[in-house]
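Novice: here is the input, now give the coordinates:
(chains A, B and C)
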Amino acid sequence: MYERTLNFRSEVIALVKSIPRGRLMTYGQIAALAGSPRAARVVGGIAHYGDPALPWQRVVNKKGYLASGYPGGRRGHLAALENEGIKITNNRAPIESLIWWPKTK
DNA sequence: CGTGTGACGCGAG
DNA sequence: CCTCGCGCCACAC
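Specialist: The predicted structure is shown next:
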């Protein structure tokens, strides 16, 4: 279906908005839930050019490392995450314990 | 309207 | 263990 692409952007936005404070999701995870498991890059693209008001600070890469293009750089990203109670060590977040799954238990 | 780049991820070598 | 390359979609120019 050709409306898959339109849904993709909407899904990504909806997913990002649904991430609770203090929780994290990965780009690949969001991409997969939005319908394209290998479109992690696209999520990054939406993050940069899309709606800046969304809580993108709760989105990190699979290793838990911070985003380079975040406003203020990794430093700004780090500050935003620590502001939510997430402890960052060496530019990396403990995603294993903070990862958030919207529909999974 | 066509092309390039990007806040990523994973398989192969 | 490491480095390299492809895939994916959106958005800027």
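
Novice: contacting residues for the residue sitting nearest the centre point of chain A?
Specialist: Chain A has A:Val59 as the residue nearest its centroid, 2.0 Å off, counting by Cα atoms, centre = their mean. Going by Cβ atoms under 8 Å, 6 or more residues apart in numbering, A:Val59 touches A:16, A:19, A:24-27, A:30, A:43, A:47, A:67. (Each C-beta comes from the backbone N, C-alpha and C, glycine too.)

Novice: what mean pLDDT does the longest helix seen in chain A get?
Specialist: If you go by DSSP state H, chain A has its longest helix at helix A:4-18. The average pLDDT for helix A:4-18 rounds to 87.

Novice: who are the packing partners of it?
Specialist: Packing contacts for helix A:4-18, counted by 3 or more Cβ pairs under 8 Å, 6 or more residues apart in numbering; DSSP states H and E, involve helix A:27-34, helix A:40-49.

Novice: identify the residues contacting the shortest one?
Specialist: Helix A:27-34 has contacts (Cβ under 8 Å, 6+ apart) with A:7-8, A:11-12, A:15-16, A:37-44, A:59-62, A:99, A:101-103.

Novice: would you convert the contacts of A:Val59 into TSV that also reports distance to DNA strand C and neighbour count?
Specialist: What follows is those, written out as TSV (distance: Cβ to the nearest atom of the strand, whole Å; neighbours: other Cβ atoms under 10 Å):
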residue	distance to DNA strand C	neighbour count
A:Val16	13	22
A:Ile19	19	19
A:Leu24	20	23
A:Met25	17	23
A:Thr26	12	19
A:Tyr27	9	21
A:Ile30	12	26
A:Val43	9	28
A:Ala47	10	20
A:Ala67	16	19
